[in-house]
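>>> sequence and predicted structure are below.
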Amino acid sequence: MSQHGWNGSDRCDLLSRHRAQQAVEAILSDDHNAERGLAGVHEVTGSVLAESGVEGLESLAVELSLKLAEALERIATDQGLVAVDIADVLFVD
């Protein structure tokens, strides 16, 4: 909740955070069936698109990026590394 009270932006942020968590949990939910995890992510993103359109997908992407960056910063700090270097390794083809 913002310091100015509840508003639509707060609700959108909360919903985006919840949907991002659902997407990540779908991937992590079954280590032995990647297809099931991917299907779960498609279900979450399909729901976001149906409920909130492209703006909802944009919010989901931003929330996922923020959470990934936070996680990489924590890992980097623990390992004495730079978070950008870890991100480079994650996204190498």
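Sure, I can see it.

>>> switch to C-alpha atoms for all contacts and neighbour counts from now on
OK.

>>> ok, longest helix in this structure?
helix 34-79 (DSSP state H).

>>> could you point out which element follows it?
Next along the chain after helix 34-79, taking DSSP states H and E as the criterion, comes helix 83-90.

>>> name the residues that touch stretch 15-33?
For stretch 15-33, contacts defined as C-alpha atoms under 8 Å, 6 or more residues apart in numbering pick out 34, 36-38, 40-41, 44-45, 48, 56, 59-60, 63-64.

>>> would you mark the buried spots in it?
Neighbour counts over stretch 15-33 (16 or more other C-alpha atoms under 10 Å) mark 15, 16, 17, 19, 20, 21, 22, 23, 24, 26, 27 as buried.

>>> state the mean pLDDT of the helix or strand encompassing the first one.
Assigning secondary structure by DSSP H and E places residue 15 in helix 8-28. If you average the pLDDT over helix 8-28, you get 86.

>>> give me the pLDDT for residue 2.
Here, the pLDDT recorded for residue 2 equals 37.

>>> could we number from 11 for the rest of this?
Taking 11 as the first residue, the last one we looked at is residue 12.

>>> nearest to residue 89 among the buried residues of stretch 25-43?
Nearest to residue 89 among the buried residues of stretch 25-43, counting by C-alpha to C-alpha, is residue 34 at 23.3 Å.

>>> residue 41: what secondary structure?
Under DSSP: H, G, I helix; E, B strand; the rest coil, residue 41 falls in the coil class.

>>> what's the mean pLDDT across stretch 49-57?
Across stretch 49-57, pLDDT averages out at 96.
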